[in-house]
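Colleague: quick one, structure for this:
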Amino acid sequence: MDAACVAAFCAMIASMNRIALLLVCVLAWLPANSAAAEKPGEASIVFVGDVMVAETPGELIAKGVDPFLPFQPILRAHDIRIGNLECTVATGGKAEAKPYTFRADPAVLPLLARHFDAMSLANNHSGDFGKAAFAEQLGLMKKAGLPYFGGGHDATEAHAPLIVERNGLRIALLGYLEFKPRSFEADAHRPGVAWSGEDDQVIEDIIAARTIHHADIVIPYMHWGWEEEAQPSPRLREFARRMIDAGADMVVGGHPHVTQGAETYKGKPIIYSLGNFLFNGFETEATTTGWVLSVQLGREGVREWRTHVARLDADGVPHPAPDIASPCGRAGDPAIRECKGMP
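Modeller: Numbers count the residues shown, from 1 in each chain. Here you go, the predicted structure:
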């Protein structure tokens with residue numbers, strides 16, 4: 001073989017190696033759940049607790065640190081990724097007269113959109129900087145391509161379900177706030193969050209998600225309970241069961257800054273509080289321990305679910321703690337089990 005042939009052969013091999021390398025890179029960046037499209041009628045969804053991207057977490061993001069990176073493998077393994085955005089994201093507004101107010105720089109939104117498919121706005125910090133700032137946030141999230149639920153430009157939008165379609169399943173997500181201040185509530189003409197104080201309205205929304213929006217799966221994500229209480233109140237237990245009686249496939253909760261246990265009712269799971277996920281300023285073991293909820297769905301409802309423990313560091317950044325057991329279950333289980341280890 002002469003020198004010219006050898007050179008041509010080497011060039012061909014080098015080109016093939018470059019193509020192979022490019023293919024590996026492309027595959028590495030594909031969503032981990034890309035094969036889910038091959039399973040019609042099935043979908044996976046993951047919920048995290050309170051996500052607060054102001055203060056220390058916001059400063060980390062501004063420096064180029066990704067605080068969601070420790071949980072990225074778990075998040076990317078799901079078809080739908082949901083969190084509770086526990087702050088205002090805006091440039092304007094004036095702080096409300098309350099002990100803690102949180103406002104994040106809109107520059108955090110691209111990172112949130114990278115890790116989450118939608119965020120609940122139904123919480124007691126969405127209105128920290130007034131109605132105008134909340135309306136600004138709605139526009140910024142829409143521009144960033146980050147859907148939201150549990151809040152809107154008026155009460156109709158705030159109470160409407162976010163319908164997410166995956167693999168032939170229509171999943172309705174509803175969000176509600178049940179903790180002061182009620183001034184954050186949306187009304188007929190002003191923006192705000194969906195309020196759950198009137199139980200009948202929540203029940204009507206759940207029914208409408210199926211009858212009007214034709215959802216296969218309905219999941220209310222509640223912001224309720226008292227801070228740092230280890231167990232849900234009788235009122236929360238009663239209302240969670242009423243929501244399931246109305247057609248909810250499961251009930252997910254948050255707000256107390258601690259986890260609050262789980263139970264099943266008529267075979268459907270209720271996870272009362274996921275606790276914190278990304279949130280600085282907490283020091284106790286209870287407030288720096290949260291749950292990440294992984295759920296496998298079928299057309300008939302929840303097939304399997306489990307929680308993964310998150311331990312928050314001094315900056316409020318969550319890290320997986322696979323050696324710690326936490327609640328889990330599957331359809332037909334008579335009682336809650338405990339699971340640990342990575343998925």
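
Colleague: and the protein, what are its domain boundaries?
Modeller: Segmentation of the chain into domains, based on automatic domain parsing, reads 1-30, 42-339.

Colleague: pretty sure Phe149 is touching Leu174, no?
Modeller: Yes - counting by CB atoms under 8 Å, Phe149 touches Leu174, with 6.6 Å between them. C-beta coordinates here come from the backbone N, C-alpha and C atoms, glycine included.

Colleague: need the overlap of contacts for these two.
Modeller: Pro161, Leu162, Tyr221 (CB atoms under 8 Å, 6 or more residues apart in numbering).

Colleague: give me the subset of the residues you listed lying in strands.
Modeller: Leu162, Tyr221 (DSSP state E).

Colleague: got the shared contacts of Phe149 and Leu174 as TSV, with distance to Leu85 columns?
Modeller: Listed next are the shared contacts of Phe149 and Leu174 as TSV, based on distance: CB to CB, whole Å:
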residue	distance to Leu85
Pro161	17
Leu162	13
Tyr221	11
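
Colleague: nearest to Ala321, of the shared contacts of Phe149 and Leu174?
Modeller: Nearest to Ala321 out of the shared contacts of Phe149 and Leu174 is Tyr221 (CB to CB; 23.1 Å).

Colleague: run a quick neighbour tally on Ala325.
Modeller: When counting by other CB atoms under 10 Å, one arrives at 13 neighbours for Ala325.

Colleague: closest one of the shared contacts of Phe149 and Leu174 to Asp205?
Modeller: When these are compared against Asp205 (criterion: CB to CB), the nearest one is Pro161, at 7.1 Å.

Colleague: what is the neighbour count of that closest one?
Modeller: 24.

Colleague: quick one: it and Arg170 touch, right?
Modeller: No - look at Pro161 against Arg170 with CB under 8 Å: they stay out of range, at 9.6 Å.

Colleague: quick one, strands of the stretch 101-250 of the chain?
Modeller: Listed in chain order, the strands of the stretch 101-250 of the chain (DSSP state E, counting those that start in this stretch) span 103-104, 118-120, 148-149, 151-152, 162-166, 169-177, 192-193, 217-223.

Colleague: could I get these as a markdown table with mean neighbour count, mean pLDDT and distance to Glu86?
Modeller: Shown next, in a markdown table, are the strands of the stretch 101-250 of the chain (neighbours: other CB atoms under 10 Å; pLDDT from 0 to 100; distance: least, CB to CB, whole Å):
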| stretch | mean neighbour count | mean pLDDT | distance to Glu86 |
| --- | --- | --- | --- |
| strand 103-104 | 22 | 98 | 10 |
| strand 118-120 | 27 | 98 | 9 |
| strand 148-149 | 24 | 98 | 13 |
| strand 151-152 | 25 | 98 | 12 |
| strand 162-166 | 18 | 98 | 18 |
| strand 169-177 | 26 | 98 | 11 |
| strand 192-193 | 26 | 96 | 12 |
| strand 217-223 | 27 | 97 | 9 |
